[in-house]
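Participant: Provided below are the primary sequence and the corresponding predicted coordinates.
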Amino acid sequence: MLRNNPGMRIIDLQRRFSSMLRPVAAVYGAAMRLRACRYQSRYLTTPYRPACPVISVGNISWGGTGKTPIVEYILTKAAKSGLQTVVLTRGYKATPLHLPFPVRPDSDPRTSGDEPLLLAQRHPETLVLVDPKRARAAAWAESNIAPELFLLDDGMQHLAIERDLDIVLLAPGDLLDGWNRVIPAGSWREDKTALARADAFCMKVDGAVLSDIAPAAEKLLGGYNRPLYFFDLQPTGLTRLMPHGKTQAETTPDLAGSPYFLLCGTGNPAHVQQTAKKLLGRDPADCLIMQDHHHYTETDINAVRQRGYPIVCTAKDAVKLAPLLPLFDNIPVWILNVRTVFTTTMFTDTPFDIWLTTTLQHLCSGSAPS
């Protein structure tokens with residue numbers, strides 16, 4: 001069912017050649033430890049210190065861990081607190097016309113990148129800046145506006161900016177067969193010593209498998225003495241993708257008994273399929289799974305359109321499909337909407353929402369958490 005998924009092919013190759021890749025991974029892990037020590041000691045490198053607090057949201061591994069929903073959750077909470085927030089993002093696969101590049105809700109997704117554009121559209125009160133040199137973007141923001149909070153997107157390994165809070169996302173596989181398997185032998189960008197930099201861990205996990213993850217979390221993460229917050233993405237309905245400037249209220253169309261086509265270019269396509277099945281009650285009749293951040297082409301659309309099924313995609317895919325909407329020849333394209341729900345905790349009794357609210361108050365008032 002899941003076709004054209006490069007991520008699965010990489011995992012298969014890593015497993016096949018694991019014995020050959022482990023020595024290379026050990027060298028890579030050591031190099032990343034030295035890099036982190038250099039920033040921490042300020043030896044030859046001094047990280048940029050913005051005038052306002054910085055929250056980093058990032059992964060220990062590559063792949064879909066639910067980072068964007070957590071970023072959006074924090075942006076929503078910051079907006080309710082009246083904070084002028086600036087998102088600093090690399091903009092993976094973006095081709096900005098200049099740097100830093102302020103993303104507008106009507107920006108071209110190829111110019112801005114898909115995730116920055118999604119954030120700009122959903123959070124118009126927030127300034128989203130694309131720049132691989134995020135310290136440069138932060139300095140630009142401080143010179144042109146008065147930010148009260150910086151949110152460092154995918155920032156765990158971006159040590160060129162000092163941060164006040166590190167939220168690190170883990171995938172269930174990180175605590176199972178993927179534990180401490182560093183690139184190229186696995187998906188981890190750094191080894192397990194990097195987890196000591198975290199102030200909190202978040203993990204997207206289905207409630208049905210939470211009991212299988214908890215023992216591993218207790219064993220592997222308990223020693224870090226950091227809260228672990230589990231969350232899930234629950235489907236809330238579908239929204240019809242419309243031409244730019246037009247919106248349609250969320251709904252769940254009557255697709256009962258009729259086939260649908262799943263179009264997905266995210267880091268965790270299996271989870272997207274499970275979410276669509278949970279909402280619609282059945283698997284898609286067919287699907288096209290592309291690499292994360294894939295920019296769709298007319299050839300892609302033609303392949304999908306030939307089946308004639310209504311199409312379901314993620315919100316991240318939708319920002320790239322919107323300019324191509326006329327190519328679908330009136331075949332409806334539906335956006336799968338989800339809601340971030342925190343379910344349970346480990347190593348703390350404080351729910352994530354209360355922890356985040358309290359932390360924002362402390363950071364932005366200049367006081368230390370009690």
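Facilitator: Structure's in. What do you need?

Participant: where does the residue positioned nearest the centre of the chain fall, phi/psi-wise?
Facilitator: Nearest to the geometric centre of the chain sits residue 67, at 2.7 Å (C-alpha atoms, centre = their mean). Dihedral angles of residue 67 (phi, psi; degrees, to the nearest 10) stand at phi -60, psi -50.

Participant: So what touches the strand or helix carrying residue 364?
Facilitator: Per DSSP states H and E: residue 364 is located in helix 352-365. Contacts to helix 352-365, defined as C-beta atoms under 8 Å, 6 or more residues apart in numbering, come from residues 52-53, 55, 73-74, 77-78, 81, 83, 148-149, 164-165, 200, 202, 227, 229, 231, 342, 345, 348, 350, 368-369. Backbone N, C-alpha and C define where each C-beta goes, glycine included.

Participant: The residues you listed in strands, which ones?
Facilitator: Mapping the contacts of helix 352-365 onto strands (DSSP state E) picks out 55, 149, 165, 200, 202, 229, 231, 342, 345.

Participant: show me what contacts the last one?
Facilitator: Translated: residue 345. Neighbour list for residue 345: 227-230, 351-352 [criterion: C-beta under 8 Å, 6+ apart].

Participant: Swap in 7 Å and give it another go.
Facilitator: Applying C-beta atoms under 7 Å, 6 or more residues apart in numbering, we find residue 345 in contact with 227-229, 351.

Participant: bridging residues for it?
Facilitator: When assigned by DSSP bridges, residue 345 has beta-bridge partners residue 229.

Participant: How about the fifth one?
Facilitator: When assigned by DSSP bridges, residue 202 has beta-bridge partners residue 169, residue 229.

Participant: how close does it get to residue 271?
Facilitator: Separation of residue 202 from residue 271 (C-beta to C-beta, to the nearest Å): 15 Å.

Participant: what's the answer for residue 126, then?
Facilitator: Relative to residue 271, and taking C-beta to C-beta, residue 126 is found at 26 Å.

Participant: And for residue 94?
Facilitator: Residue 94 is 24 Å from residue 271, by C-beta to C-beta.

Participant: just residue 342 next, same as before
Facilitator: According to C-beta to C-beta, residue 342 stands 17 Å off from residue 271.

Participant: which of those two has more neighbours?
Facilitator: The neighbour count for residue 342 versus residue 271, taken as other C-beta atoms under 10 Å, is higher for residue 271 (20 against 16).

Participant: Report the contact partners of the more buried one.
Facilitator: So residue 271 contacts residue 64 (C-beta under 7 Å, 6+ apart).

Participant: hang on, it is in a helix, isn't it?
Facilitator: Yes: looking at residue 271 with DSSP: H, G, I helix; E, B strand; the rest coil, it is inside a helix.

Participant: show me where the chain has helices.
Facilitator: Secondary structure of the chain (DSSP state H): helices at 6-16, 18-41, 67-80, 109-112, 114-122, 134-144, 210-221, 269-280, 298-305, 315-321, 352-365.

Participant: Show me the shaky parts of the protein.
Facilitator: 1-9, 11, 13-17, 244-252, 254, 256, 367-370 (pLDDT under 70).

Participant: Residue 113 touches residue 130, doesn't it?
Facilitator: Yes: counting by C-beta atoms under 7 Å, residue 113 touches residue 130, with 6.2 Å between them.

Participant: so what's in contact with the two at the same time?
Facilitator: With C-beta under 7 Å, 6+ apart, residue 113 and residue 130 have common neighbours 91, 94.

Participant: Between the two, which is the more surrounded one?
Facilitator: A count of neighbours by other C-beta under 10 Å puts residue 130 above the other of residue 113 and residue 130, at 30 against 27.

Participant: So what's the residue count around the closest residue to the more buried one other than its chain neighbours?
Facilitator: Closest residue to residue 130 apart from its sequence neighbours, by C-beta to C-beta, 6 or more residues apart in numbering: residue 91 at 3.4 Å. Counted with other C-beta under 10 Å, the neighbours of residue 91 add up to 28.

Participant: ok, residue 91 - contacts?
Facilitator: Residue 91 touches 112-113, 116, 130, counting by C-beta under 7 Å, 6+ apart.

Participant: That one and residue 313, how far apart?
Facilitator: 21 Å.

Participant: what does residue 342 give?
Facilitator: 25 Å.

Participant: With residue 141 instead?
Facilitator: Residue 141 is 32 Å from residue 313, where distance means C-beta to C-beta.

Participant: Looking at the two now, which is surrounded by more residues?
Facilitator: More crowded of residue 141 and residue 313, by other C-beta under 10 Å: residue 313, with 26 against 22.

Participant: Give the residue farthest from the middle of this structure.
Facilitator: In the chain, the greatest distance from the average C-alpha position (C-alpha atoms, centre = their mean) is reached by residue 257, at 32.6 Å.

Participant: That one and residue 300, how far apart?
Facilitator: Residue 257 is 27 Å from residue 300, by C-beta to C-beta.

Participant: I'd say residue 39 and residue 45 touch.
Facilitator: Yes: under the criterion of C-beta under 7 Å, residue 39 makes contact with residue 45 at 5.7 Å.

Participant: Of those two, give the one with the bigger neighbour count.
Facilitator: It is residue 39, of residue 39 and residue 45, that has more neighbours when counted by other C-beta under 10 Å, with 16 against 12.

Participant: for the closest residue in space to the more buried one that isn't next to it in sequence, what are its contacts?
Facilitator: Using C-beta to C-beta, 6+ apart and skipping the chain neighbours, the partner closest in space to residue 39 is residue 159 (4.1 Å). Residues in contact with residue 159, defined by C-beta under 7 Å, 6+ apart, are 36, 39, 47.
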